[in-house]
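**Student:** Okay, structure incoming, though there's no sequence with it:
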């Protein structure tokens, strides 16, 4: 197992973590400069943040800093109430793949989607098996294009509390079953983004991480689970402030062959997004060394 | 599949559903009278509600109404930071079993517990595998006594969002694995309480319900999953107001041999607990007929 205690060489910052600082939205170019100033050598940006500044400008800025990506957030949201919606989702995923190529990302992270309309409180249908079928078909179609251009897709199992609105793939086992169905040859083009916030509770986690192996473990995200958790989406904790066994699980992941970045992704409307970005980043670095 | 559309013969009321009416706590004897007046023939009461009125008085009142129980809430909370705590939990479960006998319950529902102290925001340890081991040992010990007196224990898998604080058994598969380990003969003395709020999202739900079969399906709880869900504990929806496929899942449960009560359990601090109990009960009955 790698020793993280002396530096933060393997820390990546998911830019959602400091997208708000002191309560206000901060543009991605400023976030990149903040990270570069602290020697953070990888980020995982969100598409809307990239679009707001301009992708060519971001690509150039990353090159100038010698900064890489640990993933690109995000593709997915495949289910739709009708054929036009399904088609639009595939086209959008194709654009996400193209953008990831432009930014030289190692993978596109897929938040696969769930019951269409549920995110707005009005599900068009309740049949979660149908949504799962649409996800499978959507990934299969996107994978064809991903293979053509050489951009791996990383399915992110989301916590079951987000099964209605954001992702109907909710366990690592379920994600790996889908990987095995669509990419039985373990080509490296389809795998998972393992975010501990979503999977830490799973009694089959150790077993399924071993099953995933190096070819399927495309990204690794950390934060912590707070008790109490006050919001289903935006109350994630800083590593060390919650109950997730971070080091134990990293041991499992590295034993399975993963040697990439440990990407910090903290959505925290009530706490970290209200603080200065410098404080959040300094704490991420300190906790990366001491508890991740 | 049974036809629920003409009556509410198979509706049971978990008394948490109307423990608060118009924002105020209502004693269990009043709740029982309210249910009896509407022809509800079974309830599932909570221990603290029973204790507040007195168990003999409640037992007598139930007999007078010819009212039965669909379960007794609840045993469990086995993990503890030390030996004294583990012992105290076993003794408390023994008392719960005795009370269930007094009330002639068909089973004691087990909310098994999780990281001790997490419910108060200060977990004594983070090792969820240890908590799961303590749960296993606690159920094994309680099962000995339960067999002696003839009171089945129903493990309730809780939603993964409650894995830190309330129950570290979080899927039906995990609960059934434990049942098979501790009661391989399928004696009927150990099974599950299947609450759809906790399990509706599970991609293995249909498969595991079939696996459970009649001997393991000891209780069946319904409510609904709202989008958005505003609180991790007390924002459950009335049946039909959310995204759970109630009738489809009841079909699976009945195909597996279950023929008992459909127990309505709605924790709703912001909505139903603010309304008159009569309105909540009338709506439960109407939805039981139309969507359960």
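**Tutor:** Nice, thanks for sending it over. All values derive from a computational prediction rather than experimental measurement.
**Student:** residue ranges for the strands of the stretch 51-200 of chain A, please.
**Tutor:** Secondary structure of the stretch 51-200 of chain A (DSSP state E, counting those that start in this stretch): strands located at A:68-69, A:72-76, A:108-111, A:153-155, A:190-195.
**Student:** Please enumerate residues in contact with the second one?
**Tutor:** This means strand A:72-76. For strand A:72-76, contacts defined as Cβ atoms under 8 Å, 6 or more residues apart in numbering or on different chains pick out A:14, A:16, A:44-47, A:92-93, A:96-97, A:99-100, A:103, A:105, A:107-113, A:138, A:142, A:153, A:156, A:167. Backbone N, C-alpha and C define where each C-beta goes, glycine included.
**Student:** That one - what's its average pLDDT?
**Tutor:** Mean per-residue pLDDT for strand A:72-76: 98.
**Student:** And for the last one?
**Tutor:** Summarised as a single mean, pLDDT over strand A:190-195 is 98.
**Student:** Kindly spell out which helices and strands sit in contact with that strand.
**Tutor:** Helices and strands touching strand A:190-195, by 3 or more Cβ pairs under 8 Å, 6 or more residues apart in numbering or on different chains; DSSP states H and E, are helix A:128-149, strand A:153-155, helix A:172-182, helix A:205-216, strand A:217-222.
**Student:** Whichever of the contacts of strand A:72-76 end up buried, select them in ChimeraX.
**Tutor:** Selecting only the buried entries of the contacts of strand A:72-76 in ChimeraX, with 16 or more other Cβ atoms under 10 Å in any protein chain shown as the criterion:
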select /A:14,16,44,45,46,47,92,93,96,97,99,100,103,105,107,108,109,110,111,112,113,138,142,153,156,167
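**Student:** ok, and which of the contacts of strand A:72-76 reach chain B?
**Tutor:** The subset of these within reach of chain B, by Cβ under 8 Å from any Cβ of the partner chain, is empty.
**Student:** which bits of the stretch 101-250 of chain A sit near chain B?
**Tutor:** Counting by Cβ under 8 Å from any Cβ, the stretch 101-250 of chain A sits next to chain B at A:115, A:118-119, A:121, A:123, A:126-128, A:132, A:159-161, A:163-165, A:168-171, A:174, A:200-203, A:225, A:227-229, A:232, A:242-245.
**Student:** Kindly recompute the last result at 7 Å.
**Tutor:** Contact residues, the stretch 101-250 of chain A versus chain B (Cβ under 7 Å from any Cβ of the partner chain): A:115, A:118, A:121, A:123, A:126-127, A:132, A:159-161, A:163-165, A:170, A:174, A:201, A:203, A:225, A:227-229, A:232, A:243, A:245.
**Student:** Assign residue A:40 to helix, strand or coil.
**Tutor:** Using DSSP: H, G, I helix; E, B strand; the rest coil, the structure places residue A:40 in coil.
**Student:** neighbours of it, just the number please.
**Tutor:** Using other Cβ atoms under 10 Å in any protein chain shown, residue A:40 has 23 other residues around it.
**Student:** is it true that residue A:188 touches residue A:151?
**Tutor:** No: look at residue A:188 against residue A:151 with Cβ atoms under 7 Å: they stay out of range, at 11.1 Å.
**Student:** circling back to that earlier point, and of the helices and strands packed on strand A:190-195, who's closest to residue A:51?
**Tutor:** Nearest of those to residue A:51, taken as Cβ to Cβ: helix A:128-149 at 19.4 Å.
**Student:** That closest one to strand A:190-195, inter-axis angle?
**Tutor:** Per axes from the mean of the first three to the mean of the last three Cα atoms, to 10 degrees, the angle that helix A:128-149 makes with strand A:190-195 is 110 degrees.
**Student:** now what about helix A:128-149, what contacts it?
**Tutor:** Identification of contacts with helix A:128-149 by Cβ atoms under 7 Å, 6 or more residues apart in numbering or on different chains yields A:75, A:78-79, A:86, A:89-90, A:93-94, A:97, A:101, A:110, A:112-115, A:152-153, A:155, A:168-169, A:178, A:182-183, A:189-190, B:203.
**Student:** Point out the most buried one among the helices and strands packed on strand A:190-195.
**Tutor:** The highest mean neighbour count among the helices and strands packed on strand A:190-195, using mean count of other Cβ atoms under 10 Å in any protein chain shown, belongs to strand A:153-155: a mean of 28.
**Student:** Nice, that's everything, thank you.
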